[in-house]
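Novice: build the 3D model from these lines:
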Amino acid sequence: MRAHNERLVLTLIRQAGPMPKAAIARMTGLSAQAVSVIMRALETDGLLQKGDPVRGKVGQPSVPMGLNRDGAFFLGLKIGRRSSELVLTDFLGKVRDRRRQTHRHPTPEGVVAFANDTIGAFLDDLPEAHRARVAGLGIALPFRLWDWGESPDAVSPDLENWREGDIATDIGRSWDFPVYICNDASAACGAELVFGEQNKPSDFLYVYVGYFVGGGLVLDNTVYTGKSGNAAALGSMPIATKDGSLRQLVDVASLATLETMLQRQGHDADGVWDRADNCPLPRDPLNGWLDQAAHGLARAIVSSACLIDVRTVLIDGWMSPDLRAELVLRTTRQLQDLTVPGIEIPEIRPGTIGRDARSLGAASLPLSDRFLVDRKAFLKG
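Specialist: Sure thing, here's the model as predicted:
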């Protein structure tokens, strides 16, 4: 575990980029001597490295210090209804390796075997000096996975098996690094906070559209998960549909719903899950899904804004940037058509991570726990 001031420096450089010691001292309020000691220790530990000197000013050239990409490595396991994916990221949050397996339903024993085999392969491929720098594994999965069968009356035994046991403990038995676990949508929200563009407000609601749709909540620059770890569970939120019926958001705004709409109209739905951005989807069912998803999202956002007074909402998901932009636009239009006296309608923005948000969010769990402080910690006015 890093000392607080070391974490403070690492957090600031991660957010603002490489900078000289004088700038770090000014922004953190630490003395120049304290910053020099901290930077020297972090450089010795291989977490920071010197950049090229910046010349052209009076006095000695300043030397920016930045993160060493090989300073630490993190594993992130995303468990989804359609597939599981495990990534290895470096200290900059760049994916160095990934493996994915598909399944009809995930089973605990299948995921544990996949994770252990893949971690072993990743470690074998790392240079020996880097293996000890693997700082932990994060796991992102939908909580209460057994609740989300094809229908409430037909839950698969594979999903029911998730009710018992502890997958973090099961995987952790095989390795000597810590294992963390988080709701998948909250983890995706964490990826946006740690790795995404840093021009976000201190409070925002986050929506991730995957096989299910889920949410995350950031308050005072920190992901808030609640006592059960399932805060901002937008997928469960009841919303009024266009025909006046009451349904959950997961029923109208999930990609599983888009898949079903495509199949019912005789189309191949494999393109929904393709990682390629140039995989076109038939416009008629896609337009129908976009309209109903935007309608549901707008109502869920208004309900959330009434309770927590968020002024910004980020929408991301397992989709191309173009499709994400269209969903953001349609949701914005739906919000503009709503009249809700007494509240300010939030601004809707696209997320900045995309398909890798849940995997990167899982990898951000050990990174945040071992090397970072809250984003607000370095703000001195």
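
Novice: nearest spatial neighbour of Tyr180, skipping sequence neighbours?
Specialist: Leu365 (3.9 Å; CB to CB, 6 or more residues apart in numbering). All C-beta spots, glycine's among them, are computed from the backbone N, C-alpha and C.

Novice: same thing with Asp184?
Specialist: Ala140 (4.2 Å).

Novice: how much space between that neighbour and Thr339?
Specialist: Ala140 sits 37 Å away from Thr339, taking CB to CB, to the nearest Å as the criterion.

Novice: of those two, which one has the most company?
Specialist: Comparing Ala140 with Thr339 by other CB atoms under 10 Å, the one with more neighbours is Ala140, at 30 against 6.

Novice: which other helices and strands does the helix or strand where that one lies contact?
Specialist: Assigned by DSSP states H and E, Ala140 belongs to strand 134-141. Contacts defined by 3 or more CB pairs under 8 Å, 6 or more residues apart in numbering; DSSP states H and E place strand 134-141 against strand 73-79, helix 108-125, helix 167-172, strand 179-183, helix 184-195, helix 357-371.

Novice: can you show me the CA trace of it as CSV?
Specialist: Extracted in CSV, the C-alpha atoms of strand 134-141 (Å, rounded to 0.1, in the frame of the first residue of the first chain):
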residue,chain,number,x,y,z
VAL,A,134,0.8,-7.6,-11.2
ALA,A,135,-1.1,-5.7,-8.5
GLY,A,136,-4.4,-7.6,-8.4
LEU,A,137,-7.5,-8.8,-10.2
GLY,A,138,-10.8,-7.0,-10.4
ILE,A,139,-14.0,-8.8,-11.3
ALA,A,140,-17.1,-7.0,-12.8
LEU,A,141,-20.3,-8.9,-13.0
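
Novice: check which residues of stretch 77-88 are buried.
Specialist: Residues 77-82, 84-88 are the ones in stretch 77-88 that count as buried (16 or more other CB atoms under 10 Å).

Novice: go on, stretch 165-174?
Specialist: Those would be 167-168, 170-172, for stretch 165-174 by 16+ other CB under 10 Å.

Novice: now it: mean pLDDT?
Specialist: Regarding stretch 165-174, the rounded mean pLDDT is 93.

Novice: then stretch 4-14?
Specialist: The average pLDDT within stretch 4-14 is 94.

Novice: give me the distance between it and the centre of its chain.
Specialist: 21 Å (CA atoms, centre = their mean, to the nearest Å).

Novice: list of residues touching that stretch?
Specialist: 2, 19, 24, 27-28, 30, 34-35, 38-39, 41-42, 47-48, 65-67, 194, 371-373, 375, 377-378 (CB atoms under 8 Å, 6 or more residues apart in numbering).

Novice: let's see which of those residues end up in helices.
Specialist: 24, 27-28, 34-35, 38-39, 41-42, 194, 371 (DSSP state H).

Novice: in JSON lines: those, plus pLDDT.
Specialist: Putting these into JSON lines (pLDDT from 0 to 100) gives the following:
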{"residue": "Ile24", "pLDDT": "95"}
{"residue": "Met27", "pLDDT": "92"}
{"residue": "Thr28", "pLDDT": "91"}
{"residue": "Ala34", "pLDDT": "93"}
{"residue": "Val35", "pLDDT": "94"}
{"residue": "Ile38", "pLDDT": "95"}
{"residue": "Met39", "pLDDT": "95"}
{"residue": "Ala41", "pLDDT": "96"}
{"residue": "Leu42", "pLDDT": "96"}
{"residue": "Val194", "pLDDT": "92"}
{"residue": "Phe371", "pLDDT": "94"}
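
Novice: so His130 is in which element?
Specialist: Using DSSP H and E, His130 sits in helix 128-131.

Novice: returning to what we had before: quick one, which of the contacts of stretch 4-14 are buried?
Specialist: Applying 16+ other CB under 10 Å to the contacts of stretch 4-14, the neighbour count classes 2, 19, 24, 27-28, 30, 35, 38-39, 41-42, 47-48, 65, 67, 194, 371-373, 375, 377-378 as buried.

Novice: fine, thanks again, bye for now.
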